[in-house]
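In: no FASTA, just this:
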């Protein structure tokens with residue numbers, strides 16, 4: 001094989017491995033706007049000069065009603081933050097949901113906060129996803145279909161797993177709807 005062909009082959013394998021590489025957590029403070037634009041959720045770090053690493057900080061989730069150019073605080077609570085700035089805020093501002101991209105069988109993959117309280121942490125094994133269907137990345141497994149997470153009527157989380165099973169979760173209790 002010529003040098004040019006070998007270089008192309010090496011580049012292909014290198015770029016392919018980058019595509020499957022996992023993004024490290026950023027632990028950046030972030031904001032999420034509700035779909036209707038009337039509510040805003042903010043995740044902020046509590047300042048603590050003794051703590052040096054971002055994963056050691058305490059984080060707070062605060063939800064605001066967004067009126068014109070002002071924000072009115074509705075509720076706030078401690079937030080379990082894995083460093084990935086993502087979430088869904090319902091159109092009535094009552095509920096914030098985090099769905100973890102990575103699958104963890106014996107740890108949370110869904111967190112539900114409602115009116116300033118942690119309602120439920122749902123572990124991966126509760127979704128009964130077949131491991132053979134999951135997509136492997138460099139160090140994790142993907143467990144749900146992209147663009148399959150939706151909130152209906154500010155009270156039901158709809159999610160479709162990678163094995164095409166549909167799940168409905170009551171956001172007031174965190175329980176699965178059968």
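Out: Yep, it's here. This structure is a prediction, so every number in the text was calculated from the model and none was measured.
In: Next, residue 55: phi, psi?
Out: Backbone geometry at residue 55, expressed as degrees, to the nearest 10, gives phi -70, psi -10.
In: With the one 10 residues further on instead?
Out: Here the main-chain torsion angles of residue 65 (degrees, to the nearest 10) amount to phi -90, psi 130.
In: Leaving out chain neighbours, which residue sits closest to it?
Out: Sequence neighbours aside, residue 72 is the residue nearest to residue 65 in space, at 4.6 Å (criterion: C-beta to C-beta, 6 or more residues apart in numbering). (Glycine included, C-beta is placed from N, CA and C.)
In: Could you report the neighbour count for that neighbour?
Out: 9 (other C-beta atoms under 10 Å).
In: how much space between it and residue 145?
Out: Noted for residue 72: a distance of 36 Å to residue 145, by C-beta to C-beta, to the nearest Å.
In: likewise residue 127?
Out: For residue 127 relative to residue 145 (C-beta to C-beta), the value is 12 Å.
In: Need the overlap of contacts for those two.
Out: The contact sets of residue 127 and residue 145 overlap at residue 161 (C-beta atoms under 8 Å, 6 or more residues apart in numbering).
In: The closest residue to residue 175 other than its chain neighbours in helix, strand or coil?
Out: Nearest residue to residue 175, sequence neighbours excluded (C-beta to C-beta, 6+ apart): residue 169, at 7.1 Å. State at residue 169, reduced to three classes by DSSP: H, G, I helix; E, B strand; the rest coil: strand.
In: wait, what's in contact with residue 133?
Out: Contacts of residue 133 (C-beta under 8 Å, 6+ apart): 161-163.
In: Can you show me the strands along this protein?
Out: Using DSSP state E, the strands found in the chain span residues 30-33, 39-45, 59-67, 70-79, 88-89, 95-99, 108-114, 117-123, 135-136, 141-142, 150-152, 156-160, 166-170, 176-177.
In: Next, format these as CSV and append distance to residue 53 and mean pLDDT.
Out: Listed next are those as CSV, based on distance: least, C-beta to C-beta, whole Å; pLDDT from 0 to 100:
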stretch, distance to residue 53, mean pLDDT
strand 30-33, 18, 97
strand 39-45, 11, 97
strand 59-67, 13, 96
strand 70-79, 17, 96
strand 88-89, 27, 98
strand 95-99, 21, 98
strand 108-114, 21, 97
strand 117-123, 23, 97
strand 135-136, 28, 91
strand 141-142, 26, 93
strand 150-152, 33, 96
strand 156-160, 31, 97
strand 166-170, 32, 98
strand 176-177, 35, 98
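In: Turn those strands into TSV, including distance to residue 51.
Out: What follows is the strands of the chain, written out as TSV (distance: least, C-beta to C-beta, whole Å):
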stretch	distance to residue 51
strand 30-33	19
strand 39-45	9
strand 59-67	12
strand 70-79	15
strand 88-89	27
strand 95-99	22
strand 108-114	22
strand 117-123	22
strand 135-136	34
strand 141-142	31
strand 150-152	33
strand 156-160	32
strand 166-170	33
strand 176-177	36
